[in-house]
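> requesting a structural model of the entry that follows:
(2 chains, ligands or ions: 2)
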Amino acid sequence: MNAHMQPTGSAYFLTQETQQTERHTLSVLVDNEPGILARVVGLFSARGYNIESLTVSETEHGRRLSRITVVVVATPKVLVQIKLQLERLVPVHRVHDLTAEGNYVERELALIKVKGTGEHRAETLRLADAFRAHIVDATVESFVFEVTGKPDKIDSFIALMGPLGLVEVVRTGLAAIGRGPEGM
Amino acid sequence: MAEKMTGAEMVIQALADQGVEHIFGYPGGAALPIYDAMFQQEQVKHILVRHEQGATHMAEGYARSTGKPGVVLVTSGPGATNAVTGLTDALMDSIPLVCITAQVPTSLIGTDGFQECDTVGITRSCTKHNYLVKDIKDLPRVLHEAFHIATTGRPGPVVVDIPKDIQFALGDYYKPEIETLRHASYRPQVDGDLKAIEAAVDLMLRAERPVFYTGGGVINAGPEASENLRELAELTGFPVTSTLMGLGAFPASNSQWLGMLGMHGTYEANWAMHDCDVMINIGARFDDRITGRIDAFSPNSRKIHVDIDPSSINKIIRVDIPIVGDCNRVLEEMIRVWRSRTNQPRTEAIAPWWKQIEKWRSVGSLNFKNSETTIKPQWAIQRLYEATRNQSKDVFITTEVGQHQMWAAQHFHFDKPNRWMTSGGLGTMGYGLPAAVGVQVAHPDALVIDIAGEASVQMTMQEMSTAVQYRLPIKIFILNNERMGMVRQWQDLLHGSRYAHSYSESLPDFVKLAEAYGGKGIRCENPAELDAAIAEMLDYDGPVLFDVIVEKDENCLPMIPSGKPHNEIILPDTANLGSIIDEKGRALV
Ligand SMILES: Cc1ncc(C[n+]2csc(CCOP(=O)(O)OP(=O)(O)O)c2C)c(N)n1
Ligand SMILES: [Mg+2]
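Numbers count the residues shown, from 1 in each chain, chains lettered A, B, ... in the order given. Ligands and ions are numbered 1, 2, ... in the order given. Next up is the predicted model:
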C-alpha cells in the first residue's frame, strides 16, 4: 500500500508526491451567487492546488447557474481530491473531469495587439490570415487581432507575432464542453 | 403564511422556529437591533459570555453534548474575528454551529467603516458555508438554510452575516420548506451503497484479525449509531478501538474495547491496527495523529471506510471498500446483512487474534509509577473517575489541550456517547472551560468537569465569570504541573531538553482567582488528601476551580512519535525520551 511513496520518516509527506502530475480540465457547475468564485479559488489556494487557467460566466440566467472551467496540474490522487473538495462546497452542483472522461472540445479566445509598419504589416496580415485571426481594431501603425482556438494554436500565433511587433495579449482562459448529445 | 417583521425580529423568530432554547453571545453596536428584539421575548435565552471565543466553544459543548446545533451571536468587526478560533475548531471536529454575526450597514460595507471587517471573507475557509445577507427578502430563507446546512451531512459551522440596516428593515417572515431552499446542489448522501455494504460484510465474515476503528462520525450520527455499533460488535465479536473524538460511542467497560488508538493510544489498539487483516473504519478520517507514518500504516489489511464526506475517503489512506453514507444507516444495514448471512459471531475463527490482543493488553501500556509524595496526574484522573462513578448524576467531561487531555482520554472512561467534549482536530487550548459552560447550560443537573492544564485554562479563564453569573456549577480540575507539559515533553523528545518558554514563571493563585470570580477555590498537593478534596469539589453547589498540584515532569505515554509506525510505540518504562527520535523526526509536529 502506498508503495510508491518514499519513506521520508514523516507523517506529513502528503505533499511529497512522487506520482507524475497531469494536466486536467474540470468543468464545474455552480450557483451564481456572491462569493462563489472566491470560494472556489480559496479552496485551491488553501489546499495548495495550482490553477493554470480559470474561466467563469453565468450560463443559465433563469436558474442562475454559472459554469467554471478550470485547468489544473496535479497528480491523479490530488485530482480526485480536488473534484471531491469542490463537490463539498455548498453552491457546487457538479464537477466533471473532462480530461478523465475523455471526449470534449476546448477553445480559448485571445485579443492580440501588434504594432508595425511597412513590410512587417504585410507579413503580420499574412500570418493572421493563416491563423484565421480577425482584425477587430486597426490604426495606421497597429492591429488588434481576435484569435480563437485551442490554447496551443494561440500560443503559436503569439510566438509568431513576437518579432513582428507584439505589444500585448489578453486571453479568456479555456472554455470546454463534452462532445455528444448529453449535457452536464 | 408570511408575517411582517423586522430583520432583527426574524432572527429571533427563526431561532424559535428552529427550537433553539439557548444562544451564546456578546453585544455591540451593529448587533443592537437583534439584542433589542431578544429583550422583548422569552423563548430564546441568551447567555452573556466574556469573550466571543468563549461563546463559540460554549456552543460547541452545547452541540456536542445534545446533538443539537449550537448558536452564537456576535457583533461586527472584533466580535466576528474573536469567533474565528471556535468556528475553525467546529469545522475541524464537525460540530454543527450557527453563528450570527452583525455587520455594518450595507451602505458602509467596503468603506473601512468603524468595526467593519470582511466577515464572510475571513470565515470562508473556516466554515462549512457562510452568507452575507444584503436583502431582507433573503433573510428568512438564509436563516433556516443555515441550520439545515450546519446539521446535515457532515455537520459544521455556518456563519450568517447580517448588516445593521437589514436588521432594521421590514420584510415578510416565513419558514421555508427544505425543498425550496436555494442550494438544490446540497444533498448529502446518507444511505450507503448496498453492494458495497454487502461486500464489506462478506469481507468481515472472512476476517481472521479484524478491528473496528471508529471515530467522531459515530457520535455525530446520533445515539442510535452508538447503539448499532454495540450491536454489530456483539454480533461479530470483533475488537473495537476509537479515535479521541469517538470516545463513548463504544462502552469502555466492554471486554471488546481496546482503548483509544493513535499517538497516545494503547499498545493493544495500535498493534491491532497495525497487524489486522480487515480494518473497519466507521466515521473516522485517518488523521495523521492516528496513522503515524502512512507508508507503514496497517500494511497487510483490507480496509473498509464508512464516511458521510466523500472527500474523506482515499484522501490519506487508500481503502478497498469505500462506503459514503451516514454511519447510523450504514451500521444498521451492516447488521441486517450480517444477520442474513449468519447468526454466529466469529468467535472461533478470531480466537487466536484475541489471544494475541490479550498478550498486548497484558503489557499494561497505561501503567505508571505512582508516588506517595506527589500527585501523579494519571492517578488524579483515576481518582476523579472513581469519585464520579458512584454519583447519581450524569457525568460530562471537557478538556483543554495538552498532556492532561491525553491522560483524561486514557484514564477517564466513557460508557455513553456525547459525554466527552474535547478539541481534537484543531487542538485549541482554552476550549474546555467554555465548553463546560455550554454543556452545563444544556444539562443543568449534570456533573460537568473540565479536565484542564494550568496553561490552557488561562486562555479562556474569564468565562468563569459567565459560570458564576448563570449559576452553572462547573468543576475545573486543573492538573497543575507548572509547565506546558506537552510542549515540554516534545522538547525532551526532540530538542535536547531545551525548555524554550514552556513553563510558567508566574502562575495566578487559582484559589484566590476562583474567589475573586465568586466561585470556590480548592488546592491539593498531597496524594493522601486528594480523595477528600475531590469529594469537597463534587459536593460544592457552584463553580469550582480545583488546583491539583501534580508531578511536574511526567511524560504522557505510550506515544507513537510523529513519523514512526504503530509498532514503534514508546512504552511507559522507557527512561530516556531524548534518544528515541532521529534527525528527520525532529522536523515533525
Ligand atoms: C491556542 C493554542 N496555542 C498553542 C498550542 C500548542 N500547545 C499544545 S499543548 C500546549 C501546552 C499546554 O499546557 P497545559 O495547558 O498546562 O497542559 P499540560 O500539557 O501541561 O497538561 C501548547 C502550548 C495549542 N494547542 N493551542
Ligand atoms: Mg501544564
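> please make it C-alpha for all contacts and neighbour counts, starting now.
OK.
> what ranges does chain A have for its strands?
A:22-31, A:51-60, A:65-74, A:92-97, A:104-115, A:134-139, A:142-149, A:166-178 (DSSP state E).
> could those go into TSV alongside mean pLDDT?
Converted to TSV, these look like this (pLDDT from 0 to 100):
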stretch	mean pLDDT
strand A:22-31	96
strand A:51-60	94
strand A:65-74	96
strand A:92-97	96
strand A:104-115	97
strand A:134-139	97
strand A:142-149	97
strand A:166-178	97
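> from memory residue B:200 sits against residue B:321, does it?
Yes: using CA atoms under 8 Å, residue B:200 is in contact with residue B:321, at 6.6 Å.
> end-to-end on stretch B:72-92?
With CA to CA, to the nearest Å as the measure, stretch B:72-92 spans 18 Å from end to end.
> please name the residues that touch the closest residue to residue B:189 other than its chain neighbours.
Leaving aside its sequence neighbours, residue B:189 sits nearest to residue B:325 (CA to CA, 6 or more residues apart in numbering or on different chains; 5.6 Å). Residue B:325 makes contact with B:189, B:190, B:191, B:192, B:193, B:306, B:307, B:308, B:309, according to CA atoms under 8 Å, 6 or more residues apart in numbering or on different chains.
> residue A:60: which of those is nearest?
When the contacts of residue B:325 are ranked by distance to residue A:60 (CA to CA), residue B:189 comes first, at 26.1 Å.
> so that closest one, which of the three states?
The three-state label for residue B:189, taken from DSSP: H, G, I helix; E, B strand; the rest coil, comes out as coil.
> what's near enough to touch it?
B:153, B:308, B:324, B:325, B:326.
> secondary structure and distance to ligand 1 for the residues you listed - can I get that in JSON lines?
Below are these laid out as JSON lines (DSSP: H, G, I helix; E, B strand; the rest coil; distance: CA to the nearest ligand atom, whole Å):
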{"residue": "B:153", "secondary structure": "coil", "distance to ligand 1": "28"}
{"residue": "B:308", "secondary structure": "coil", "distance to ligand 1": "27"}
{"residue": "B:324", "secondary structure": "strand", "distance to ligand 1": "31"}
{"residue": "B:325", "secondary structure": "coil", "distance to ligand 1": "31"}
{"residue": "B:326", "secondary structure": "coil", "distance to ligand 1": "30"}
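> which single one of those residues is nearest to residue B:257?
residue B:326 (22.8 Å).
> for that closest one, grab the count of nearby residues.
28 (other CA atoms under 10 Å in any protein chain shown).
> quick check: closest non-adjacent residue to it.
residue B:190 (4.6 Å).
> and the pLDDT for the one you found?
With respect to pLDDT, residue B:190 scores 94.
> what residues does the stretch 301-450 of chain B have near ligand 1?
Residues of the stretch 301-450 of chain B lying close to ligand 1 by CA under 6 Å from any ligand atom are B:401, B:402, B:403, B:404, B:427, B:428, B:429.
> one more: chain B?
Counting by CA under 6 Å from any ligand atom, chain B sits next to ligand 1 at B:401-404, B:427-429, B:453-456, B:481, B:483-487.
> from these, which land in helices?
Of those, the ones assigned to helices by DSSP state H are B:403, B:404, B:485, B:486, B:487.
> burial count for the last one?
Put plainly, it is residue B:487. Counted with other CA under 10 Å, residue B:487 comes out at 17.
> let me know the secondary structure of the closest residue to residue B:312 other than its chain neighbours.
In space, residue B:312 comes closest to residue B:285 once its chain neighbours are excluded; the distance is 6.0 Å by CA to CA, 6+ apart. When classified by three-state DSSP, residue B:285 comes out as coil.
> just checking, residue B:285 touches residue B:311?
No: using CA under 8 Å, residue B:285 is not in contact with residue B:311; the gap is 9.8 Å.
> which of those two has more neighbours?
residue B:285 (26 against 19).
> and the more buried one, what pLDDT?
Residue B:285 is given a pLDDT of 96.
> for residue B:193, grab phi and psi.
Backbone torsions for residue B:193, taken as degrees, to the nearest 10, come to phi -70, psi 120.
> contacting residues for it?
B:323, B:324, B:325.
> give the contact list for the second one.
Which is residue B:324. So residue B:324 contacts B:189, B:190, B:191, B:192, B:193, B:306, B:307, B:308, B:309, B:310 (CA under 8 Å, 6+ apart).
> that older thread, select, out of the strands of chain A, the one closest to residue B:183.
Once the strands of chain A are compared by CA to CA, strand A:22-31 is nearest, at 7.5 Å.
> point out where chain B drops to low pLDDT.
B:1, B:182, B:574-589 (pLDDT under 70).
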